[in-house]
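Engineer: Predicted structure and sequence below. I'll ask about it afterward.
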Amino acid sequence: MKIGIGLPNHIAGVPGPLITKWARRAEQRGFESVTTIDRLVYPSIDSLIALALAAGASTNLALVTNILLGPLYPPAILAKQLASLADATANRLTIGIAVGGRQDDYSAAGVDFSARGRLLEDGTKLLQRAWRGEAVTEDTPLCPAPVHIPLLFGGMSEATIRRATTLGDGWAAGALRDYQGQSAFADRIRARWHKVGRSGSPQLHASVNFAIGDDGVANAGRQHLGRYYGFVPQYADLNIADMLTAAQDARDTVRTYGELGIDRLLFLPTVASIDQIDRLADAVL
C-alpha cells in the first residue's frame, strides 16, 4: 500500500512558502505522495496552486487531490489546468473528485448547488475528451499534449459507485475510519467494476486526519477540525473523535487499511507544523 501525506493547504492562514518546504521534506522522508483538500469559502490555499508548488519542490512525489470539488470549476479551464500540471510532472497526478456538501462554495462560484451531480458527470466527460487530445469545441485541442490522469470519485452513494466504475478509475474514501462500512463499499466498487467489464482493478484511496504529539498539538488539531467542519457540528465531532494522535494508532491504521486492500492511504495533517512530517514518518515508514 502506498502511503502519502497531505499538504497543509486546507489549514486556515497557512503561509504559502510552507507548502514547498512541506513537499520537499515529505519527499526526503520517503512519502510516496502528497495530497490536497479542496475548499473555496475558507482562508486556505487553492488546491491546484498547492499541488503546483509541491510539484516544483519535488522530483518523484505523486500529486493527489482528495478531493477536488469538480463542479465549482468551468470544465474546459479545469481540463487545461490539470493537463498542464500532469504534463509538467510526467504524469504524477491523480485526481480524487466529488461534489462536496457546502452550499456556500457553490454560491460563491455562481454554480447551481442542486445541479452538482449532473455538472460533475458532464464535466468529467469533457475533461477526459480534452485529455485524450480531442477538440471540445471547433477543431483545436485545449491541452498541450494527451495525458493520462486517473480519476477517483468520492462519496458513498449509488451514483458514486456508477461514476467510479464507468466514468473513472476508482474510489476515494472519506477521512473517517469506518473500516467495516468502507470495506463493504469497496467490495461493491470491485463487484460493479467487473460486472461492467472493466479490466484490472479499481484504484482505492482512504484518508485519515492526524496530529501526532503532546496535548497541545492534539488540541490544535481538534480546533482546526472544529472550524473546518463547523458547518455540520455533528460531522465535526466525528472527525475530532477519529483524529489520530499517537504513533501506534497510525501504525494500526496502516495495517488495517492494508488488510482491506486499499491501494493508497493519505494522512491529512490538522496542524501546519513541519515536524508533523517527521513524527508521522517515524511512525509509519
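Structural biologist: Ah, there it is.

Engineer: for the residue most central in space within the chain, what are its contacts?
Structural biologist: Most central in the chain under CA atoms, centre = their mean is Asn66, positioned 0.9 Å from the mean C-alpha point. Counting by CB atoms under 8 Å, 6 or more residues apart in numbering, Asn66 makes contact with Gly6, Thr35, Thr36, Ile37, Gly96, Gly154, Ala172, His205, Ser207, Leu266, Leu268. In this view, the C-beta of every residue, glycine as well, is placed from N, C-alpha and C.

Engineer: first to last residue in stretch 31-49, what's the distance?
Structural biologist: 20 Å (CA to CA, to the nearest Å).

Engineer: meant to ask about stretch 56-66, not that
Structural biologist: Across stretch 56-66, the terminal residues are separated by 20 Å (CA to CA).

Engineer: what's the answer for stretch 37-46, then?
Structural biologist: End to end - CA to CA - stretch 37-46 spans 9 Å.

Engineer: Helices along the stretch 51-200 of the chain, start to end?
Structural biologist: For the stretch 51-200 of the chain, the helices defined by DSSP state H, counting those that start in this stretch occupy 75-88, 103-109, 116-131, 158-162, 179-195.

Engineer: now these as TSV including mean neighbour count, mean pLDDT and distance to Tyr235?
Structural biologist: TSV is the format used below for these (neighbours: other CB atoms under 10 Å; pLDDT from 0 to 100; distance: least, CB to CB, whole Å):
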stretch	mean neighbour count	mean pLDDT	distance to Tyr235
helix 75-88	19	97	27
helix 103-109	16	98	15
helix 116-131	19	97	18
helix 158-162	16	98	18
helix 179-195	15	98	15
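
Engineer: shouldn't Val254 be in contact with Phe267?
Structural biologist: No: here Val254 lies out of contact with Phe267, judged by CB atoms under 8 Å, at a distance of 9.1 Å.

Engineer: Compare these two (neighbour count), which wins?
Structural biologist: Phe267 (26 against 19; other CB atoms under 10 Å).

Engineer: Name the helix or strand for the more buried one, please.
Structural biologist: According to DSSP states H and E, Phe267 maps onto strand 264-269.

Engineer: Neighbouring strands - and their directions - for that strand?
Structural biologist: Neighbouring strands of strand 264-269 in its sheet, by DSSP bridges, are strand 2-6 (parallel), strand 203-210 (parallel).

Engineer: between Val254 and Phe267, what contacts are shared?
Structural biologist: Common neighbours of Val254 and Phe267 (CB under 8 Å, 6+ apart) are Ile3, Val284.

Engineer: ranking the strands paired with strand 264-269 by burial, who's on top?
Structural biologist: strand 203-210 (a mean of 25; mean count of other CB atoms under 10 Å).

Engineer: Tabulate the CA atom coordinates of that one in PDB.
Structural biologist: C-alpha atoms of strand 203-210 as PDB (Å, rounded to 0.1, in the frame of the first residue of the first chain):
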ATOM      1  CA  GLN A 203      -7.900   2.200  -7.500                       C
ATOM      2  CA  LEU A 204      -9.000   2.700  -3.900                       C
ATOM      3  CA  HIS A 205      -7.800   5.500  -1.700                       C
ATOM      4  CA  ALA A 206      -8.500   6.100   2.000                       C
ATOM      5  CA  SER A 207      -7.600   9.000   4.200                       C
ATOM      6  CA  VAL A 208      -7.400   9.900   7.900                       C
ATOM      7  CA  ASN A 209      -6.800  13.100  10.000                       C
ATOM      8  CA  PHE A 210      -3.800  13.200  12.300                       C
END
